[in-house]
Structures are given as C-alpha cells and as structure tokens.
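Asker: model this:
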Amino acid sequence: MAASLKISLQDIVFRPKRETLVHVLELSMPSTMQGEEHSYLCVTVTREKDVRITYVISVEEKTSIQYKIDRMWLLKDLTLIDGKEAMQDYPKFDMHFEHVYSWEAVSTAAKYAFTRRIRKMSKIHYRRDIEFVNFDDDYMSDTGLFRVSEDTMLALKLCIQVLNCACLLGCL
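Answerer: Predicted coordinates for the structure are as follows:
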C-alpha cells in the first residue's frame, strides 16, 4: 500500500471529518470496470473514539482524483468475518453487519493484514473479539511481542513452511 495513498485519503477524506485513518485495504475490482476506478475499505477512529469501516471509491480524472464515501459501518456492529477459505490463497471474505457484504482484497496477505487490524481495534476500543471463521489461526495470531511488523511475520511463517516442505522432500 503506497504511503501517498494513505496520506491522500487522510487529508482529503478523513481529516475534514476529524477522523484518523488507521488502515487501508485496497479491493480488487471486477475486470468489467471501466476507467481508473479503485475502491478501498478504510478503518478510522473518530474523535469520540468510535471505530468506523468506510467503503471509499476513487475515480481518477484528467488532473485529479475524486474520492466518494459509498458506505460506512461502526466496528462495534460487526459480528463476524468469514475468510471463506483457510487453507488456500483466497483473497475473498465476507463481513457480517446487519447484512452480509462480500469483498475481494488485492491479495490474501492484504486480507489478513486488514483482519488483524480489525481484531486489534476491536480489542482496544470495545474490549471484545470479533468472530473469525475460515482463517488460518497461524496468520491471525498477534505478533506484537517482538515488535515486528505483522506482514513481516506472515512472510517469515510462509518461508519456514516452504523450508520445511523442501527438507521433507530432500529426506525422501
């Protein structure tokens, strides 16, 4: 995720609303979409310390980028996130509010980074854990003990698994 995108979203979309942008998940767009349109799920904190998940669409015009907030939910209303497939590289997931919303992240790693952030924000601000189904627990676990980036830990875990497989094949 480009730092410039996060700064731009913070300055243009969320600062005027007095919200702090915490995380941005870029969503994969269907191949039928025309033009330079992108969409994101943004996690923000309001001045009142409520956590919001906002669906933002950006449209690139000739000289500028226009952002539009399409939907917004409170994190405290989120009851469940379904990862759809725990044992495969699968970037799709569902978020259960009053209705179920289906999303596709640009990558599985981005999906896991987003869900870890959601879990952390829920624990910090609401002292509760959201139900997560169809996620690999190894990639959902908190890695804050060593102060290493969660994405770095995910990459290390994947490398260790590959190395284990290579060692097993070498022994055969």
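Asker: now do the longest helix along the chain, average pLDDT.
Answerer: Determined from DSSP state H, the single longest helix within the chain is helix 150-171. Across helix 150-171, the average pLDDT comes to 74.
Asker: other SSEs contacting it?
Answerer: helix 108-126, helix 137-140 (3 or more CB pairs under 8 Å, 6 or more residues apart in numbering; DSSP states H and E). Every residue, glycine included, has its C-beta placed from N, CA and C.
Asker: what is the subsequent helix or strand relative to the first one?
Answerer: Read it as helix 108-126. As assigned by DSSP states H and E, the chain's next helix or strand after helix 108-126 is strand 131-133.
Asker: which strand or helix spans Y101?
Answerer: Per DSSP H and E: strand 100-104 holds Y101.
Asker: could you tell me the angle between that strand and helix 108-126?
Answerer: 140 degrees (axes from the mean of the first three to the mean of the last three CA atoms, to 10 degrees).
Asker: follow-up on the earlier one: lowest average pLDDT across the helices and strands packed on helix 150-171?
Answerer: Among the helices and strands packed on helix 150-171, helix 137-140 scores lowest, with a mean of 82.
Asker: can you list the buried residues in it?
Answerer: Using 16 or more other CB atoms under 10 Å as the test for burial, helix 137-140 gives Y139, M140.
Asker: can you check stretch 44-60 too?
Answerer: For stretch 44-60, burial by neighbour count (16+ other CB under 10 Å) applies to T44, V45, V51, R52, I53, T54, Y55, V56, I57, S58.
Asker: can I get those residues in TSV including secondary structure and distance to Q161?
Answerer: Formatted as TSV, these follow (DSSP: H, G, I helix; E, B strand; the rest coil; distance: CB to CB, whole Å):
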residue	secondary structure	distance to Q161
T44	strand	34
V45	strand	34
V51	strand	32
R52	strand	35
I53	strand	31
T54	strand	34
Y55	strand	33
V56	strand	34
I57	strand	36
S58	strand	36
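Asker: relative to M140, how far out is F132?
Answerer: Using CB to CB, to the nearest Å, F132 is found at 6 Å from M140.
Asker: what do the two both touch?
Answerer: Residues touching both F132 and M140 (CB atoms under 8 Å, 6 or more residues apart in numbering) are T115, R119.
Asker: returning to what we had before: format the helices and strands packed on helix 150-171 as a markdown table; extra columns: distance to E26.
Answerer: Shown next, in a markdown table, are the helices and strands packed on helix 150-171 (distance: least, CB to CB, whole Å):
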| stretch | distance to E26 |
| --- | --- |
| helix 108-126 | 7 |
| helix 137-140 | 19 |
